[in-house]
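J.: sequence? don't have it. structure:
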């Protein structure tokens, strides 16, 4: 009887074993942090991805920019299909104004909702292409958030080299809290000296459009490191500096991302 029961279980479980064997192995987690440039990759269908981070920004002492700004960053990505993902973002902000008697302001920033759609894969020198579209919703704290609908859209380009090098670029437009158009651009270059380790260097800029003489563009350079703890988990660190007087002085941050 024991042999019959064992044989029955083997026959019943055989199809399940076949399904497990046929399940595709996912590529290592591909995050949109810690650099400014978002990648063209989409979270696999049926999976979700959490990208969490902390950034501290130092403003310039001779400007009205906040002397210290701390942000707890959160991005939640859900794979809806092979080409589409849903994106939700939420930050918690602490701002210390550059005043003689500063009083720190804290609260949640406006909730962000959007999507990323993959349009084309890379073919030789022609890069892969994805687009993002979304908006900030007026849900944040009165002291730290714009509390306005702030739509944005971006085009993302990606190049994967045959060796250890890769590159990405982003062109974006968004509505600012003072109701002007801002154009953003970036170039990020990545190098993987080891299978689990990746380094990057990046330049990016924010350029207000028709915002008046007092609103100059900002330029930044930053670099960082990403390390895979497993196929589905990653840690990162970054450091950046402002390249002109309108930009913040410097910033640094760390992050942790995982996929389910």
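T.: Yep, that arrived. Quantities reported herein were computed from a predicted structural model and do not represent experimental measurements.
J.: could you point out which element follows the worst-scoring helix or strand of the chain on mean pLDDT?
T.: Lowest mean confidence among the helices and strands of the chain (mean pLDDT, DSSP states H and E): helix 2-22, at a mean of 43. Going down the chain from helix 2-22, the next helix or strand is strand 48-58, by DSSP states H and E.
J.: what comes up buried for that next one?
T.: The neighbour-count check on strand 48-58 (16 or more other Cβ atoms under 10 Å) flags 49, 51, 53, 55, 57, 58 as buried. From N, CA and C alone the C-beta is placed, and that goes for glycine too.
J.: tell me, what residue is most central in this structure?
T.: Centrality entry for the chain: nearest residue to the mean C-alpha point is residue 32, 3.3 Å, by Cα atoms, centre = their mean.
J.: list the contacts of that one.
T.: 38, 39, 51, 75, 77 (Cβ atoms under 8 Å, 6 or more residues apart in numbering).
J.: touching, the first one and residue 170? I think so.
T.: Going back to what we said before, that points to residue 38. Yes. The pair residue 38 and residue 170 passes the contact test of Cβ atoms under 8 Å, sitting 6.0 Å apart.
J.: quick one, phi/psi of residue 225?
T.: The phi and psi values for residue 225, taken as degrees, to the nearest 10, are phi -140, psi 140.
J.: is it in contact with residue 237, as I believe?
T.: Yes. Judged on Cβ under 8 Å, residue 225 makes contact with residue 237 at a distance of 5.6 Å.
J.: related to what we said a few turns ago, now the two most distant members of the contacts of residue 32.
T.: Spatial extent of the contacts of residue 32 (Cβ to Cβ) is set by the pair 39 and 75 at 12.3 Å.
J.: from the chain's centre, how far out does the helix or strand where residue 190 lies sit?
T.: Assigned by DSSP H and E, residue 190 belongs to strand 181-191. Put simply, strand 181-191 sits 12 Å off its chain's centre (Cα atoms, centre = their mean, to the nearest Å).
J.: can you tell me the average pLDDT over that strand?
T.: The average pLDDT within strand 181-191 is 98.
J.: mind listing what's buried along it?
T.: 182, 184, 185, 186, 187, 188, 189, 190.
J.: stretch 139-156 too?
T.: The neighbour-count check on stretch 139-156 (16+ other Cβ under 10 Å) flags 140, 144, 145, 146, 147, 148, 150, 152, 154, 156 as buried.
J.: next, count neighbours for residue 37.
T.: Counted with other Cβ atoms under 10 Å, residues neighbouring residue 37 total 25.
J.: that one contacts residue 166, correct?
T.: No. Counting by Cβ under 8 Å, residue 37 stays clear of residue 166, with 11.2 Å between them.
J.: any regions of the stretch 101-250 of the chain where pLDDT drops low?
T.: Across the stretch 101-250 of the chain, the ranges flagged by pLDDT under 70 are 213-214.
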